[in-house]
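In: Please find the sequence and the predicted model below.
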Amino acid sequence: MTNTTSNKDLATYARNLDWVVFEAPKVGTSGLPYFKEMYSHASQHVDKCVFYGYSNGDILYNTDLLLTLDAISKVH
């Protein structure tokens, strides 16, 4: 989600990669979006959304994450 003009180019780039990009539904006085509203908006507007969450940009994942989420979705 994006809410600033400086992020518009990044949003365009992401859309060109077939990512879904939304405007932040609610932001604070500093302009930062509220996580709760972002999660709620995304879960309501993205079809087939099984999982949603947040991760810091400095965390690296490998294919084990996909295998784990796949296993959880089969049990859940």
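Out: Thanks, I have the structure now.
In: Just give the nearest non-adjacent residue to residue 46, would you?
Out: Nearest non-adjacent residue to residue 46, counting by Cβ to Cβ, 6 or more residues apart in numbering: residue 20, 6.0 Å away. All C-beta spots, glycine's among them, are computed from the backbone N, C-alpha and C.
In: how close does the one you found get to residue 30?
Out: To residue 30, residue 20 is 25 Å away according to Cβ to Cβ, to the nearest Å.
In: who's more crowded, these two?
Out: residue 20 (12 against 5; other Cβ atoms under 10 Å).
In: these two touch, right, the more buried one and residue 48?
Out: No: shown here, residue 20 and residue 48 do not form a contact pair, counting by Cβ atoms under 8 Å, at 11.4 Å.
In: in the one helix or strand residue 38 maps to, what's buried?
Out: Using DSSP states H and E, residue 38 sits in helix 35-45. Neighbour counts over helix 35-45 (16 or more other Cβ atoms under 10 Å) mark 38, 41 as buried.
In: Where does pLDDT dip in this structure?
Out: For the chain, the stretches with pLDDT under 70 are 1-6.
In: show me the biggest helix of it in terms of residues.
Out: helix 63-75 (DSSP state H).
In: which outside residues touch that one?
Out: Here helix 63-75 makes contact (Cβ atoms under 8 Å, 6 or more residues apart in numbering) with 50-51.
In: CA atoms only: put that helix into CSV for me.
Out: Only the C-alpha atoms of helix 63-75 are listed here, as CSV (Å, rounded to 0.1, in the frame of the first residue of the first chain):
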residue,chain,number,x,y,z
THR,A,63,11.2,-22.0,-0.1
ASP,A,64,10.7,-23.5,3.3
LEU,A,65,8.2,-20.6,4.1
LEU,A,66,6.1,-21.6,1.1
LEU,A,67,6.2,-25.3,2.1
THR,A,68,5.1,-24.4,5.6
LEU,A,69,2.3,-22.1,4.5
ASP,A,70,1.1,-24.8,2.1
ALA,A,71,1.0,-27.4,4.8
ILE,A,72,-0.8,-25.1,7.2
SER,A,73,-3.4,-24.2,4.5
LYS,A,74,-4.1,-27.9,3.9
VAL,A,75,-4.7,-28.5,7.7
